[in-house]
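[1] this one's sequence-less:
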């Protein structure tokens, strides 16, 4: 099911993800959307708010030549938001002030000021930081927050930087990226159907999983043991490309028939 | 706050984590426990159930020489459980049948059989798979499931493999690892206190974060914007080693005093 054109790597930036303060729901959401759209996430890396570390991770990822690298977090105005600086470092380029982004920030902070939500609309150094993007990149419109997303290409890999705030990440992904991804994957996409098996322990199920996959090589089976001590519950995911919907259903039927002989 | 003796990398194995079917709560839990115990997770990598990919990630991680690599997932009896094979590959060693683990599995499946929970206690090839560990490794007792944890050392880095089932992971971590980690970090550990700031947008808060960190260099400040459109809520985490508890409290007091001048 791998095809480098559809291979994506994800990089999540933020100490809070590695200190146990925040569950990385962004990764789950991005992976789910990418899978629906026909892409395979081959690897996800979470890294701290450290300029060198982020740049290293990006360089290593670029070497594996995925079609896309989706980066989240570290785009805000504070001292620990270092993602764009790291992207510039990884690409051997520098940050440039984008005048159109400055204009958007000016409007945004003025609007917030006029609504009485902030005391001062001045474009401080911290606010202007969000308009400094790696040279050659394209800002992606953020309809619900200040920091724009960023798209930049290097040797056939497109790097996309999204804010870590879930609502902003989701909005930019759905508005700015999903249409492009969908068009390029030509409606490929994966189907997943899950079957819950009770009272057959995973070790006894294992040969049937292999047998089913051998009979239906276009379908991937993945078993997820959910049992607690003394109760066996295994959820088996059947995964196939949308165009193999019929095979997916046949494989489930086959699996369930054969399962009867095990219980 | 970095010291290589206390640097840990985490590797999570499983397609379900990269296809959006499962939120990686194991990572969050492990990071939280490590942070409490005085360790820093420098990087976390999530990778698919692919032998080559898992082995590559482990080799790359070993090169960075963390004190520990905590791996989760891929220890079970099914075709897609490839972690131990990958560890052996990364270490240039092979899998060996551990007779003491075989004995434990034999007892476990017999007990389940006698309780009427499984139809057949035979140690099938799939069940025996869980007793094949990388040569030179040490099995870690799994009090709540079949697959043992695995500990193996390479050039000063200790690799620990834990099952992906949360209850099993947590039990092995707390019973077998936490006491060792705690002893070695000599009660180091981090304290985190969070302050919620309302009505001051993050960009306006940014200089005060830097100012506070300059005044209290033993305390790390991390701001987390939680605001939705038109409402600014920023949670600021104050993080310090346990032994700097006083400085942590002073820095919070200083921050809150100075905050009054901003609102």
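    Cool, the structure landed. Given the structure is predicted, the values throughout are model-derived calculations rather than measurements.
[2] what's around residue A:226, how many residues?
    By other Cβ atoms under 10 Å in any protein chain shown, 15 other residues sit near residue A:226. C-beta coordinates here come from the backbone N, C-alpha and C atoms, glycine included.
[3] could you report the neighbour count for the residue nearest to it when sequence neighbours are not counted?
    Closest residue to residue A:226 apart from its sequence neighbours, by Cβ to Cβ, 6 or more residues apart in numbering or on different chains: residue A:233 at 4.5 Å. Residues lying near residue A:233 (other Cβ under 10 Å) number 16.
[4] need the residue closest to the centroid of chain A.
    Nearest residue to the geometric centre of chain A (Cα atoms, centre = their mean): residue A:30, 3.2 Å.
[5] residue contacts, that one?
    The neighbourhood of residue A:30, defined by Cβ atoms under 8 Å, 6 or more residues apart in numbering or on different chains, consists of A:10, A:41, A:70, A:72, A:169, A:173, B:20.
[6] pLDDT averaged over stretch A:144-152 - what is it?
    Looking at stretch A:144-152 alone, the average pLDDT works out to 95.
[7] that one near chain B at all?
    Yes: remark: stretch A:144-152 sits within contact range of chain B at A:144, A:145, A:146, by Cβ under 8 Å from any Cβ of the partner chain.
[8] re the thing from before, neighbour-wise, which one of the contacts of residue A:30 leads?
    residue A:72 (30 neighbours).
[9] thought that residue was touching residue A:17?
    No: under the criterion of Cβ atoms under 8 Å, residue A:72 is not in contact with residue A:17, lying 9.7 Å apart.
[10] identify all contacting residues around the host helix or strand of residue A:60.
    Using DSSP states H and E, residue A:60 falls within helix A:51-63. With contacts defined as Cβ under 8 Å, 6+ apart, helix A:51-63 is touched by A:9, A:11, A:13, A:43, A:45, A:47, A:69, A:71, A:74, A:82-83, A:85-87, A:89-90, A:154-155, A:157, A:159, B:42-43, B:60.
[11] just the ones of these in helices?
    A:83, A:85, A:86, A:87, A:89, A:90, B:60 (DSSP state H).
[12] TSV for those residues, including pLDDT, neighbour count and distance to residue B:120?
    Compiled in TSV, these are given as follows (pLDDT from 0 to 100; neighbours: other Cβ atoms under 10 Å in any protein chain shown; distance: Cβ to Cβ, whole Å):
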residue	pLDDT	neighbour count	distance to residue B:120
A:83	97	29	54
A:85	97	18	60
A:86	98	27	55
A:87	98	26	56
A:89	97	20	58
A:90	97	22	54
B:60	97	15	42
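[13] and the helix or strand harbouring residue A:205, average pLDDT?
    Per DSSP H and E, residue A:205 falls inside helix A:202-215. Average pLDDT, helix A:202-215: 92.
[14] next up, the contacts around residue A:158.
    Counted by Cβ under 8 Å, 6+ apart, residue A:158 has contacts A:67, A:68, A:69, A:151, A:152.
[15] then residue A:91?
    Neighbouring residues of residue A:91 by Cβ under 8 Å, 6+ apart: A:134, A:136, A:152, A:154, A:159.
[16] one more time with 10 Å, if that's ok
    Listed by Cβ atoms under 10 Å, 6 or more residues apart in numbering or on different chains, the contact set of residue A:91 reads A:55, A:58-59, A:62, A:134-137, A:152-155, A:159.
[17] Provide a PyMOL selection command restricted to the buried entries of the residues you listed.
    With 16 or more other Cβ atoms under 10 Å in any protein chain shown as the criterion, this PyMOL line picks the buried residues out of the contacts of residue A:91:
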select buried, chain A and resi 55+58+62+134+137+152+154+159
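[18] how about the contacts of residue A:91 in CSV, adding distance to residue B:208?
    Output for the contacts of residue A:91, formatted as CSV (distance: Cβ to Cβ, whole Å):
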residue, distance to residue B:208
A:55, 28
A:58, 30
A:59, 34
A:62, 36
A:134, 28
A:135, 31
A:136, 34
A:137, 30
A:152, 32
A:153, 37
A:154, 36
A:155, 41
A:159, 32
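[19] the stretch 151-263 of chain A: helices as residue ranges?
    A:166-172, A:178-185, A:202-215, A:245-260 (DSSP state H, counting those that start in this stretch).
[20] which stretch among those comes nearest chain B?
    Smallest distance to chain B across these (Cβ to the nearest Cβ): 3.8 Å, for helix A:202-215.
[21] who does that closest one touch, helix- and strand-wise?
    strand A:190-198, strand A:220-225, strand A:233-241, helix A:245-260, helix B:99-114, helix B:125-129 (3 or more Cβ pairs under 10 Å, 6 or more residues apart in numbering or on different chains; DSSP states H and E).
[22] quick one, it and helix B:99-114 angle?
    Note on geometry: by axes from the mean of the first three to the mean of the last three Cα atoms, to 10 degrees, helix A:202-215 and helix B:99-114 are set 100 degrees apart in direction.
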